[in-house]
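# Turn this into a structure:
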Amino acid sequence: MNTRRTALAPAILTASITIAGITLAACSQTAAAPETTTAASTADNADANADANPEQDSPAEVSGPEARLVATYDGGITVLNAETLEEIADIPLNGFNRLNPLGDGRTVAVSTPEGFQVLDVAAWTEPHGDHTHSYTAQPRLTDDIYKGDKPGHVVNHAGRTLLFSDGDGTIQELDNDKLTDAAQDGKFAQPDSVVELSPHHGVAVALSDGGMVHTEGTEDSRSSLVAVDADGQETARINDCPGVHGEAAAADETLTFGCEDGVVIYKDGEFKKVAAADEYGRMGNQAGSEQSPIVLADYKVDPDAELERPTQIALINTHQDSIQLVDLGTSYSFRSLARGPEGEALVLGTDGQLRSIDPTTGEILYSVQVTEKWEEPEQWQSPRPSIFAQGDKAFITEPGAQKLHVVDIASGEVMESKTIGKSLNELTGITG
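Here you go, the predicted structure:
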């Protein structure tokens, strides 16, 4: 293993523009990306971005935190008010753009050829003694970039953000408290350190003791997971996770990682492999909740399929080290998985129905029609109905109808359906 943990000089990743008051962190429990990671093409975007992002206006104080949604479409990024679904900003950006919330309730990382570029969604809250003040401003795509070749997974856990770049095998470590402090001083926070691995499509998750768990592999194959301490010294390893892909955090600081023949669970400083029911049982996209010991995952059984449309989901019980399969009676895609505020397992089927599943028993609590029937497209980058859960609501896109739907997670009530006028693709949000 080629692992090297180095402190980073301030000038190495500095960006040309910083924003006063920006706070950076990361948190993402959306379904993981499929096998291929494709960065956005932004070669011709400089002038468009300059036009779309003038000097940010002065912040306006508002009555409380304003949640906002961020979505991509062919040709740009749109920012919406999460309550009214009204468009706040439209930012031109060429190429297929990937989004990852940076966990501070304000910013989002946009994957570009240069690395993880910071989008300031511009709604935030600051503590002030025994109360808080909330502010909003005009969203803008900044020039701040955490540079990396083929930017991939962004994971926030245990107070740190880890950015994994597939093309150079680097993990950039960001301390969330330091990011917040730097933002208050109007500075762009550099990574604390960089871990250097062999290039591969990987992921890394921070641990509360200052260490991390990361994948290990090559551009051709990967089957290993390694735990290291705060000094980068290996503390545990497992080499029995072929095609390792997808991660999630569950209750009690337990982590799961998908394999092509089961799942690896990391808890109490040790790895444990739990075999799938089938010889090939891939769980490469996962959605976890720290409110639940159960992790929701997709479940694929055909190793030769260019595109498998699975009809079963997996419920990984990290307390019992077991896997329960639930047949939905419909197919779904990798963007169909989400978790509710109480750990509810949410799956959006190609029949257009949103299902809420009891993660402990596998019982389908309700099934509600949200979109028209749809079919997963051949290309994983193509738009398809997707789900994003924030607070007590599930936001569901319907690209063919250019609509966005809002569902109350507890009851299953479709609260609103609105025509956006864009075929939305990636969808995430900030709490403000």
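
# Let me know the distance separating residue 316 from residue 344.
Per Cβ to Cβ, to the nearest Å, residue 316 is found 16 Å from residue 344. Using the backbone N, CA and C atoms, a C-beta is placed for each residue, glycine as well.

# Run through the bridge partners of residue 356.
residue 346, residue 366 (DSSP bridges).

# Now the terminal residues of stretch 167-178, how far apart.
With Cα to Cα, to the nearest Å as the measure, the ends of stretch 167-178 fall 27 Å from one another.

# Check stretch 72-86 too.
OK, stretch 72-86 end separation, Cα to Cα: 15 Å.

# same check, this time on stretch 170-190
14 Å.

# Could you pull up the mean pLDDT of that stretch?
If you average the pLDDT over stretch 170-190, you get 74.

# about what we covered before: looking at residue 316 and residue 344, which has the bigger crowd around it?
Per other Cβ atoms under 10 Å, whichever of residue 316 and residue 344 has more neighbours is residue 316, with 27 against 21.

# could you give the mean pLDDT of the helix or strand where the more buried one lies?
Element membership for residue 316, per DSSP states H and E: strand 312-317. For strand 312-317, mean pLDDT rounds to 98.

# How about stretch 111-131?
According to the model, stretch 111-131 has a mean pLDDT of 89.

# likewise stretch 286-305?
Rounded mean pLDDT across stretch 286-305 is 96.

# before we move on, what about stretch 413-432?
Mean predicted confidence for stretch 413-432 is 96.

# Quick one: end-to-end length of that stretch, please.
24 Å.

# How far away from the center of its chain is that stretch?
16 Å (Cα atoms, centre = their mean, to the nearest Å).

# neighbouring contacts of the strand holding residue 316?
Here strand 312-317 makes contact (Cβ atoms under 8 Å, 6 or more residues apart in numbering) with 250, 256, 263, 265, 274, 281, 283, 286, 293-299, 301, 322-328, 332, 337, 345, 347, 357, 359-360, 362.

# which among these end up buried?
250, 256, 263, 265, 274, 281, 283, 286, 293-299, 301, 323-324, 326, 328, 332, 337, 345, 347, 357, 359, 362 (16 or more other Cβ atoms under 10 Å).

# So which of those residues belong to strands?
250, 256, 263, 265, 274, 286, 294-298, 323-324, 326, 337, 345, 347, 357 (DSSP state E).

# State the next helix or strand along the chain beyond the helix or strand that residue 78 is a member of.
Secondary structure assigned from DSSP H and E places residue 78 in strand 76-81. Going down the chain from strand 76-81, the next helix or strand is strand 87-92, by DSSP H and E.

# For the helix or strand following that following strand, give the mean pLDDT please.
Toward the C-terminus, strand 87-92 is succeeded by strand 98-101 as the next helix or strand (DSSP H and E). In this model, strand 98-101 carries a mean pLDDT of 91.

# Report all helices and strands that strand 98-101 contacts.
Applying 3 or more Cβ pairs under 8 Å, 6 or more residues apart in numbering; DSSP states H and E, one finds that strand 98-101 makes contact with strand 68-73, strand 107-112, strand 151-157, strand 427-430.

# Any idea what residue 390 is bridged to?
Counting by DSSP bridges, the residues bridging with residue 390 are residue 393.

# Around it, how many other residues sit close by?
Neighbour tally, residue 390, other Cβ under 10 Å: 20.
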